[in-house]
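Engineer: Sequence and computational prediction follow.
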Amino acid sequence: MGSNVFPLPTILFQFLFLLVAIAIESFILHRNLNLGRQTSADYAMLINLLSSIVGWWIFFYVLPLLPVELRAQVISYIFFDAFFTINQSSTYTTQLILTIFIVFLSNYLLKLNFLQLIQFLIEPPKPTTSEPQERKLKTITARNVETQERPNLANIMFQATFCSYGVILVIIFLIRSEII
């Protein structure tokens, strides 16, 4: 009879990181998009849950494609919260830093696309005017003011993702240094 291995610490940390990311990102969405607190929390929750699901799907798809040594390191970290100490070299450090950057950038792009999709699906369409004279009356300065009033979703989502990743990294370092 074999024993089942269940990565409970990984699941708990994922839950903790989701809570932290949702709290930070909902605050930033609330402040910058002028959404209500509940709406911004709903947006952040949906965005983070969807990006976590897609992230784990990608992880389980890419894991078999990794070299055996790197795959063993990843599995060791997920199940035992520690890397193997054999063959620790600068290439693993470089690969780890590159992987963290790729994960951050991918997560940012996923969250940005999910935010745009949510706004497209939820927010009512702007009424279009059928009168061509109204279009002619709109001056260039009025267009510039209208453009400036629209929030830059890419910048806002980058701030939210960057802040949540920063706080999560601090939490990871505190846990690894056994301060918490």
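Structural biologist: Now that the structure is in, tell me what you want to look at.
Engineer: Tell me how many other residues crowd A21.
Structural biologist: 25 (other Cβ atoms under 10 Å). For the C-beta atoms, the positions are set from N, CA and C on the backbone; glycine is no exception.
Engineer: Identify the residue spatially nearest to it, adjacent ones excluded.
Structural biologist: Closest residue to A21 apart from its sequence neighbours, by Cβ to Cβ, 6 or more residues apart in numbering: S164 at 4.0 Å.
Engineer: tell me the pLDDT at that neighbour?
Structural biologist: On the pLDDT scale, S164 is placed at 96.
Engineer: Look at L29 and say how many residues are nearby.
Structural biologist: Residues near L29, counting by other Cβ under 10 Å: 26.
Engineer: Setting aside sequence neighbours, what's the nearest residue to it?
Structural biologist: S40 is the one closest to L29 (Cβ to Cβ, 6+ apart), at 4.1 Å.
Engineer: For the strand or helix carrying the one you found, name the packing helices and strands.
Structural biologist: Here S40 sits within helix 37-62, counting by DSSP states H and E. Secondary-structure packing of helix 37-62 (3 or more Cβ pairs under 8 Å, 6 or more residues apart in numbering; DSSP states H and E): helix 8-33, helix 90-122.
Engineer: quick one: which of these is nearest G55?
Structural biologist: helix 90-122 (6.6 Å; Cβ to Cβ).
Engineer: which element is the residue nearest to A21 on?
Structural biologist: Short version, using DSSP H and E: S164 is in helix 153-176.
Engineer: Tell me the gap between that helix and the middle of its chain.
Structural biologist: In terms of Cα atoms, centre = their mean, to the nearest Å, the centre of helix 153-176 is found 9 Å from the chain centre.
Engineer: Could you find the closest non-adjacent residue to L35?
Structural biologist: L29 is the one closest to L35 (Cβ to Cβ, 6+ apart), at 5.9 Å.
Engineer: got a list of what the one you found touches?
Structural biologist: 35, 40, 43-44, 156, 160 (Cβ atoms under 8 Å, 6 or more residues apart in numbering).
Engineer: coming back round to it: can you check which of the helices and strands packed on helix 37-62 gets nearest to P151?
Structural biologist: Of all these, helix 8-33 sits nearest to P151, with 5.6 Å by Cβ to Cβ.
Engineer: now the closest one: mean pLDDT?
Structural biologist: 93.
Engineer: Return the set of buried residues in that helix.
Structural biologist: Residues 13, 17-18, 20-22, 24-30, 32-33 are the ones in helix 8-33 that count as buried (16 or more other Cβ atoms under 10 Å).
Engineer: Run the angle between that helix and helix 37-62 for me.
Structural biologist: Interaxial angle of helix 8-33 relative to helix 37-62 (axes from the mean of the first three to the mean of the last three Cα atoms, to 10 degrees): 140 degrees.
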